[in-house]
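Trainee: using only what follows, build the 3D model:
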Amino acid sequence: MAFRTVHETLSVPRQRTRPDKATRRRLRRRVHVAGLAIDPMTESEVVDHVVDALKRGEGGHLVTPNVDISWAAARDSEVREIIEEADLVVADGMPLVWAAKLLGTPVPSRVAGADLIWSLAEAAAFYRYPIYLLGGPPGVATQAAGRLTARHPGLLVAGTDAPPYGFEADSESYAKVRDAVVAAGPRLVFVGLGFPKQDRLIGMLRKDLPGTWFVGCGSAIAFAAGAVRRAPQWMQRAGLEWLFRLLNEPGRLARRYLLHDLPFALWLLTACLLRRLFS
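Mentor: All right, here's what the predicted structure looks like:
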């Protein structure tokens, strides 16, 4: 990458509007890595933040960037803007955790969307907040709902949906998806359509459901359903979950991981190390 791109990727994102006092306190704690402002929070702190907001009747948008999302944000200002405008941004990728540590501004841990779907569902069951699962192949969201309710009895599932491929390009299909979510009236929505498609849809839905929290969760619904296997814990801790997924889905993931994500992760860690050594 050229020096200008390196500088822009490591630079602090700009804030467009003046947030309230409580939000300003949280923003001051943010860690800036790979051009993204990351909230240094644990999984339990994220759950507490979402629940506290829901108690106040406030909605929000949670983004969990990994290396792939960070790579996309480094290349596309519109994609980066989606992340900047989210209410919570937590690192779902060990290279981001390592990069933050190299910069001397560590985050407490990785917070994966595949874990948050369980912990947030547990909180939703306790407080009786209805949830909605949106994404995955046909039947997967319904299967995930069944497994979530089996683990957390009392969980209210307001609805599930698996939009057809390319629905966002058809105004009628898009409206049908939006209308179903709005009619269900959930307080917590997991949208697993892949970044940034899921987050563009969230931007539209928030206008209709301002008191609802939306979680852009990628493959988390498929993981929760058991339709896709997660890597063993030791591989997750070692930052090798990508390798496990690559070995299981080489045809779909080889180009993304080997041509985009792995080189970007190596570049990011090298750039952060050099910045720490020579700053």
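
Trainee: let me see the ranges of the helices in the stretch 51-200 of the chain.
Mentor: With helices called from DSSP state H, counting those that start in this stretch, the stretch 51-200 of the chain shows them at 67-75, 77-84, 94-102, 113-127, 140-151, 171-184, 197-208.

Trainee: looking at these, which is closest to residue 225?
Mentor: Minimum separation from residue 225 across those (Cβ to Cβ) falls at helix 140-151, 3.8 Å. (Glycine included, C-beta is placed from N, CA and C.)

Trainee: now do that closest one and helix 113-127, the angle between them.
Mentor: Taking axes from the mean of the first three to the mean of the last three Cα atoms, to 10 degrees, helix 140-151 and helix 113-127 form an angle of 50 degrees between their directions.

Trainee: so which of the helices of the stretch 51-200 of the chain is nearest residue 272?
Mentor: Comparing the helices of the stretch 51-200 of the chain under Cβ to Cβ, the one sitting nearest is helix 94-102, at 4.1 Å.

Trainee: may I see the buried residues of that closest one?
Mentor: Residues 94, 95, 96, 97, 98, 99, 100, 102 are the ones in helix 94-102 that count as buried (16 or more other Cβ atoms under 10 Å).

Trainee: what's in contact with that helix?
Mentor: Applying Cβ atoms under 8 Å, 6 or more residues apart in numbering, the external contacts of helix 94-102 come out as 31, 33-34, 36, 38, 40, 65-67, 70, 91, 106-107, 109-110, 237-239, 241, 265, 268-269, 272-273, 275-276.

Trainee: what subset of those residues is buried?
Mentor: For these, a burial check counting by 16+ other Cβ under 10 Å picks out 31, 33-34, 36, 38, 40, 65-67, 70, 91, 107, 110, 239, 241, 265, 268, 272.

Trainee: okay, and the nearest residue to residue 232 once chain neighbours are set aside sits in which element?
Mentor: Across the structure, with Cβ to Cβ, 6 or more residues apart in numbering as the measure, the residue nearest residue 232 apart from its sequence neighbours is residue 244 (7.5 Å). Here residue 244 is covered by helix 241-248, with elements defined by DSSP states H and E.

Trainee: no further questions, thank you.
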